[in-house]
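**Student:** Here is a sequence together with a model predicted from it:
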Amino acid sequence: MLAIDRFILLIRDLRRNERGMALPTAIFAMVATLGMGSAAVLSSVNVQQGSHRDSDSKSAIADADAGASIALLRLNRYASALTTSNPCLWVNSGGSLALTKASADGWCPEVKGTVGSSSYAYRTSPASASGMMTVVATGSDGVVSRRVAVGYKTTTVGSALANEGMIGLDDLQVDNVADVRVGVGTNGNVNVGNNASICGNVRHGVGKGDTWGNNSVQCQGYGVTEGNVSLPPVSSFIPTNIATSNSNYRLVTCTKTTLPRAPAGCQEDTYTGGWGTNSPWNSTTRTLDTSNNSTITLSGGDYFICKMILGNNSHFVMGSQATVRIFFDTPENCGLGSIAKQMDLGNDADVTATDYNPTLDNFEMPGFYMMGSPTIQTRLEFSNNSGTNEFVLYAPQTEILIKNNATYKGVIAGKKVHFEKATFDQDDGFEPPPIGGATIFERQSFVECTGSTGSPPNANC
């Protein structure tokens, strides 16, 4: 019994004494803490991996879209060169664009490129008889690839201008009591403010918007739509021999004024500012610069210049029965730097056409076509304070600023357009010129391909 009593006492002592539990308790606590910490670390790693993959995925879709846009740019620039036997553009081993035949599967060869640290690849289908075509582009970033199919349809430059009299390709701003009475559009944002009004339909770019403020209004009966249009560069329709075959000779000051005058054709255009020391034409810089209070009347055909400046209260007139087109060379070829103004109208200067008469259905007006540059920022500015101007202005790579009270009729299309304190409209019956009838492609559809690649390239799209 004594042994049993001692055993019971020992058990009771162990129940009262917890000194032996400290170590296992600490071990259990440490294991639990490590478990919780590991879970947090694994969760953080998973989140970072997911965030990184999400970023790569967004970048990949952007790269695919960039590839499709580059394909569109190239197609619009060289559309007139494509033929039924060579309906494709591709990049040869020297890195230059070249015409080629379609591959065995009926699609054009693959073209690859990079956007920053990411890459893209695209294939195009040759345009169908109805002018439809598809670009399938793949963008890759890190380990993520995404694929899109974009549908395009052919149109012409003239038809691109038929529905909108004012286009700012990247941005359009109408403000400061401006009065616009035509349809307007941009692939970017439309900003209307400071008591401005637009009596026409408004189009902003896909995913962009329009803002109206400070008593600005859109006239009743018109609406706002979303969509993008393409404006091809002037180089796609400028006469190929413009550098050697043009009407510039008509602006040259005669060295012999008695008949027959020399050089041939000199001073066939008229100028009231005097042809001597005030000659308006500099053949070296190809600059047309009129003095204040003068009038220059052009009656030739196509001119090829670098810069045009109209002095205060001077007048540019297109002569009777003439069709005048002035093509502005690139700023690089003209030796001009960034932010150079290739066209500048002073106070009270204007541009008119002798035969322009809407009541007789005569809408002939001079055309200004500016090649601009994708790398050098170019501008033109009209600072008129009064008067009426009649012209077609097509400058898809040039920023346009028009301001101060004058009235404008015709077409205005530029990279960016800022129109303020002026009026713009088109008389009934006016139709924009075909501008050479150049063929361009416009985006019609956009879908992401969710399945695996296959044959044809747009499988699972």
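**Tutor:** Ah, there it is.
**Student:** what's near enough to touch the closest residue in space to Ser455 that isn't next to it in sequence?
**Tutor:** Excluding its sequence neighbours, the residue lying closest to Ser455 (CB to CB, 6 or more residues apart in numbering) is Asp105, at 6.2 Å. For glycine as for every other residue, the C-beta is placed from the backbone atoms N, C-alpha and C. When contacts are counted by CB atoms under 8 Å, 6 or more residues apart in numbering, Asp105 is found next to Ser455, Pro456, Pro457.
**Student:** Helix or strand for Asp105, just tell me which one.
**Tutor:** Asp105 is part of no helix or strand, with elements assigned from DSSP states H and E.
**Student:** any weak-confidence spans in the stretch 51-200 of the chain?
**Tutor:** Residue ranges of the stretch 51-200 of the chain with pLDDT under 70: 51-53, 156-160.
**Student:** Could you check how far Phe441 is from Pro433?
**Tutor:** Phe441 is 20 Å from Pro433, where distance means CB to CB, to the nearest Å.
**Student:** Thought Tyr394 was touching Ile435, still the case?
**Tutor:** Yes. Ile435 is within contact range of Tyr394, at 6.5 Å (criterion: CB atoms under 8 Å).
**Student:** before we move on, the earlier item: neighbour count: Phe441 and Pro433, which is higher?
**Tutor:** Phe441 (24 against 19; other CB atoms under 10 Å).
**Student:** can I assume the more buried one sits in a strand?
**Tutor:** Yes. Using DSSP: H, G, I helix; E, B strand; the rest coil, the assignment for Phe441 is a strand.
**Student:** Without its sequence neighbours, what residue ends up closest to it?
**Tutor:** The nearest residue in space to Phe441 (CB to CB, 6+ apart) is Tyr152, at 4.1 Å.
**Student:** got a list of what the one you found touches?
**Tutor:** Leu72, Leu75, Met132, Met133, Thr134, Val135, Phe441, Glu442, Arg443, Gln444.
**Student:** so which of those residues is the most crowded?
**Tutor:** Neighbour max across these (other CB under 10 Å) = Val135, 27 neighbours.
**Student:** For the helix or strand hosting it, enumerate the helices and strands it packs against.
**Tutor:** Assigned by DSSP H and E, Val135 belongs to strand 132-141. Counting contacts by 3 or more CB pairs under 8 Å, 6 or more residues apart in numbering; DSSP states H and E, strand 132-141 is packed against helix 22-78, strand 118-124, strand 144-156, strand 439-449.
**Student:** ok now that strand, how far from the chain's centre?
**Tutor:** Remark: strand 132-141 is offset 20 Å from the chain centroid, using CA atoms, centre = their mean, to the nearest Å.
**Student:** repeat for stretch 245-258
**Tutor:** 37 Å.
**Student:** Would you mind putting the CA coordinates of it into CSV?
**Tutor:** Taking Å, rounded to 0.1, in the frame of the first residue of the first chain, the C-alpha atoms of stretch 245-258 are listed here in CSV:
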residue,chain,number,x,y,z
SER,A,245,7.2,68.8,-112.8
ASN,A,246,5.4,71.7,-111.0
SER,A,247,4.2,75.3,-111.4
ASN,A,248,6.9,76.9,-109.3
TYR,A,249,8.4,78.5,-112.4
ARG,A,250,5.4,80.9,-112.5
LEU,A,251,6.6,82.5,-109.3
VAL,A,252,10.1,83.2,-110.5
THR,A,253,11.1,86.9,-111.0
CYS,A,254,12.0,87.6,-114.6
THR,A,255,15.6,88.5,-115.4
LYS,A,256,14.4,89.8,-118.8
THR,A,257,11.0,91.6,-118.8
THR,A,258,10.7,92.3,-122.5
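**Student:** From Leu298, how far off is Ser247?
**Tutor:** For Ser247, the distance to Leu298 - CB to CB - is 8 Å.
**Student:** element containing the nearest residue to Val136 once chain neighbours are set aside?
**Tutor:** Distance criterion CB to CB, 6+ apart; nearest residue to Val136, sequence neighbours excluded, is Pro457 at 4.4 Å. Taking DSSP H and E as the definition, one finds Pro457 inside no helix or strand.
**Student:** For Gly188, state which of the contacts of Tyr152 is nearest.
**Tutor:** Arg443 (15.0 Å; CB to CB).
**Student:** What is the neighbour count of Tyr369?
**Tutor:** 21.
**Student:** of all the contacts of Asp105, which comes closest to Ser93?
**Tutor:** Closest approach between the contacts of Asp105 and Ser93, by CB to CB: Pro457, at 22.4 Å.
**Student:** Isn't the closest one up against Thr124?
**Tutor:** No. Counting by CB under 8 Å, Pro457 does not reach Thr124; the two are 9.0 Å apart.
**Student:** When these two are compared, which one has more neighbours?
**Tutor:** Neighbour totals were compared for Pro457 and Thr124, and Thr124 leads with 29 against 25 (other CB under 10 Å).
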